[in-house]
Every structure is written in structure tokens, then in C-alpha cells.
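Engineer: I'd like to go over a predicted model; first the sequence, then the structure.
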Amino acid sequence: TDFCKIVDFGIAKLLPHEGRDAVSLTQTGDVFGSPLYMSPEQCMGIKVDHRSDIYSLGCVMDEALTGAPPFHGDTALNLMMKHQTAMPATMKEASMGREFPGHLEAIIAKSLIKDPDTRYQNFLDLARDLAILKQELAEVTPRKSLSKTHSRTVQDIPVYVKPQAKEKKSKVPY
């Protein structure tokens, strides 16, 4: 059975739905979030939308692939200023020399564009580009059978299935 867990509800905002008024924990001008992953518009305390989440996902993807977030700062304010003005290091620089496909670098870079109007406009476009990249990589390097010297990937790990409870046999007297 597949399932998803969502964590860290420390900062939440309820958006309007079917005519209901917005219920918000923040007011315009308030700044809340994890500074490592905040979009430039979020750092400025202006209105955010789903494109801010795309920027944050870009930060997470960059960190997951390189081992370091795209920006570092001595203070939260310094870090927030970098999200607004600084260019992130290339993935090769951030990972200390590791090579990445150019298309992957382009996807991450487009997710991290400062201007939300130039960044990916929706998650579907981002997902489409990732799917195209996955297909391109599959065509270039077809999956080989694993030997004992190769590491396992997530696809190679068997899914644990909880054993079914055995039925108790009733004892029938003879």
C-alpha cells in the first residue's frame, strides 16, 4: 500500500475555496518560512502563490542533488537577501565537481528564477520536463542488470508486504 505523509504544519495558510473567505495565519508584509527554501517574493513579504512553492521545491531538489542548499547565510536576513539578489552556484560547483546533465541543471535553474513570472508557471510543466529528462536518460543509459558490485536503487528494493494473518483451524473432536 502506497501512502504519503505531510509534515511541518508550523506555517500554514488556508486559501479561499468555493466562496469562503481566506483564513490566514499571516498578513501581507509578514515573513514566515524556512529561510533556506523561501522564494524571493516570500522573503519580501509580498503576496505568494504556487510559483513560490515551485521555487522552494527547486531549492530542495538542488540540495538533494548537490548536498548543499543553493544559498547560505550567516543570518536569516542575510540568507533572505541572497534569495532576492544572488545567483546560485552551478550544481557542479555546489557539489564540488560532480557532473550533472545539462537538461537537469536547466530545470533546477528555471525553478530558481527570481521573477515568478519567468519561473515555471505550474507544477505540471515542471513534472513534464522531469519526465522528459527521465526518458532522455533512460535512452542514453539503459538499465543494466545488477551485479554484486553495483549498488541497489529504489526500484530494485522489493516492497515489503505485511503477511496475511493465518486462519486458525478449529479443532473438531473426533
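Structural biologist: On my side now, so go ahead. Residues are numbered from 1 along each chain as shown.

Engineer: got a list of what Asp49 touches?
Structural biologist: Taking Cβ atoms under 8 Å, 6 or more residues apart in numbering, we find Asp49 in contact with Pro116. All C-beta atoms are positioned from the backbone trio N, CA, C, and that covers glycine.

Engineer: repeat that with 6 Å
Structural biologist: Applying Cβ atoms under 6 Å, 6 or more residues apart in numbering to Asp49 gives no contacts.

Engineer: lowest average confidence, helix or strand, in this structure?
Structural biologist: strand 23-24 (a mean of 40; mean pLDDT, DSSP states H and E).

Engineer: Show me what the helix or strand just after that strand is packed against.
Structural biologist: Following strand 23-24 in sequence order, the next helix or strand is helix 40-43 (DSSP states H and E). For helix 40-43, the packing partners by 3 or more Cβ pairs under 6 Å, 6 or more residues apart in numbering; DSSP states H and E come out as helix 76-85.

Engineer: Check the average confidence over the helix it packs on, would you?
Structural biologist: The average pLDDT within helix 76-85 is 94.

Engineer: can you count the residues close to Leu77?
Structural biologist: 12 (other Cβ atoms under 10 Å).

Engineer: All set now, cheers.
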